[in-house]
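J.: Coordinates for the following, if possible.
(one chain, ligands or ions: 1)
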Amino acid sequence: MTRVVVLTGAGISAESGVPTFRDSDGLWEGHPVEDVATPEGFERDPMTVQQFYDARRAALETVEPNPAHYALARLGEALGDELVLVTQNIDDLHERAGSTGVVHMHGEAYRAWCTECDRRWPWRTTLVDDPACPGCGARALRPDVVWFGEMPYEMNRIAVELARADLFVSIGTSGAVYPAAGFVQQARKYGARTLELNLEPSEGSFYFHEARQGPASRLVPEWVEDLLASRD
Ligand code: BJW
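T.: Prediction:
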């Protein structure tokens, strides 16, 4: 039995047309990241941040999963509970490709969080118009995503899975953001083999036993085929 933990980042959705975060100009679709992905930025200018997430939520309606998402769904079908798929992405492309039980450690674009009653709701429309919370009626909804300085979701579960993993695979992430960037070291400490699949070497590439460079739409299906063939 091989227990596999896969971590995905923005690079896996890039070929579907979802922009990554760290382009060469250091801006995130024209916004400095600290203006739109920190609680302080939201406090300072909630309308800009809500508009930014409303636009990204709407843009997700126009994109489709790519062969990398489908390959991971196929792997999930074959491995069942032996695969844990953790994503930093807030899009739902893994689910649309057929993956189940995806751990969204940085939250989800299609969810809203009421900071008044602390309940979370499926949300597909806009938040910039300050709608009332369906539970308590307060006008205190924000995107249910994890900003800098906030605690990512399901960290205890992820730590347990990294400690049990035989194989840790990181796909399409720059390794610039913690705690996800530290998962490779956690997994290695407990004896997992580690593999990076990324367009270019990430910031933490040297922590991996092996790093392959190329587009996720090619590398991920190839790796999945190899892994499934080795189990036959
Ligand atoms: C392709 C490709 C293709 C392209 N095929 N590949 C100093 C030192 C260490 C840590 C800190 C520090 N100061 C502060 C911190 C902590 C901070 C942090 O890491 N800051 C860094 C800037 C240093 N982290 C936090 O605050 C986190 N919370 C926290 O630490 O709580 C305390 C804690 C401690 C210990 C345990 C538990 C908790 C919270 C981080 C929240 C990040 N939030 C965001 C926004 C989410 C919502 C949204 O989407 O809007 O998450 S920021 C953004 O970055 C987003 C992403 O998930 C995240 C990572 O980005 P990702 O996915 O790696 O994308 P890119 O663009 O960076 O890279 C894409 C890669 O794909 C590139 O390498 C390309 O080459 C590649 N690629 N096309 C394959 N076709």
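J.: CA atoms of the lowest-mean-pLDDT helix or strand in the chain as CSV?
T.: Lowest on mean pLDDT, DSSP states H and E among the helices and strands of the chain sits helix 33-36, with a mean of 82. Extracted C-alpha coordinates of helix 33-36, given in CSV (Å, rounded to 0.1, in the frame of the first residue of the first chain):
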residue,chain,number,x,y,z
VAL,A,33,-0.8,41.2,-2.9
GLU,A,34,-0.9,43.0,0.5
ASP,A,35,-3.8,45.1,-0.7
VAL,A,36,-6.1,42.2,-1.5
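J.: helices or strands next to the following helix or strand past it in the packing?
T.: Counting by DSSP states H and E, the next helix or strand C-terminal to helix 33-36 is helix 39-44. Applying 3 or more CB pairs under 8 Å, 6 or more residues apart in numbering; DSSP states H and E, one finds that helix 39-44 makes contact with helix 33-36. Quick note: C-beta positions are derived from backbone N, CA and C, even for glycine.
J.: Phi first, then psi, for the closest residue to residue 145 other than its chain neighbours.
T.: Spatially, and ignoring its direct neighbours in sequence, residue 145 is nearest to residue 107 (3.6 Å; CB to CB, 6 or more residues apart in numbering). Phi and psi for residue 107, reported as degrees, to the nearest 10, are phi 90, psi -170.
J.: Report the contact partners of residue 107.
T.: By CB atoms under 8 Å, 6 or more residues apart in numbering, the contact set of residue 107 is 90, 143-146, 153.
J.: same check, this time on residue 31
T.: 48, 52 are the contacts of residue 31 under CB under 8 Å, 6+ apart.
J.: Tell me how far it lies from the ligand.
T.: Separation of residue 31 from the ligand (CB to the nearest ligand atom, to the nearest Å) stands at 10 Å.
J.: would CSV of the contacts of residue 107 with distance to the ligand be doable?
T.: Conversion of the contacts of residue 107 to CSV gives the following (distance: CB to the nearest ligand atom, whole Å):
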residue, distance to the ligand
90, 4
143, 7
144, 10
145, 4
146, 5
153, 10
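J.: Pipe those residues into TSV and attach secondary structure and distance to residue 230 per row.
T.: Formatted as TSV, the contacts of residue 107 follow (DSSP: H, G, I helix; E, B strand; the rest coil; distance: CB to CB, whole Å):
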residue	secondary structure	distance to residue 230
90	coil	33
143	strand	40
144	strand	38
145	strand	37
146	coil	35
153	coil	32
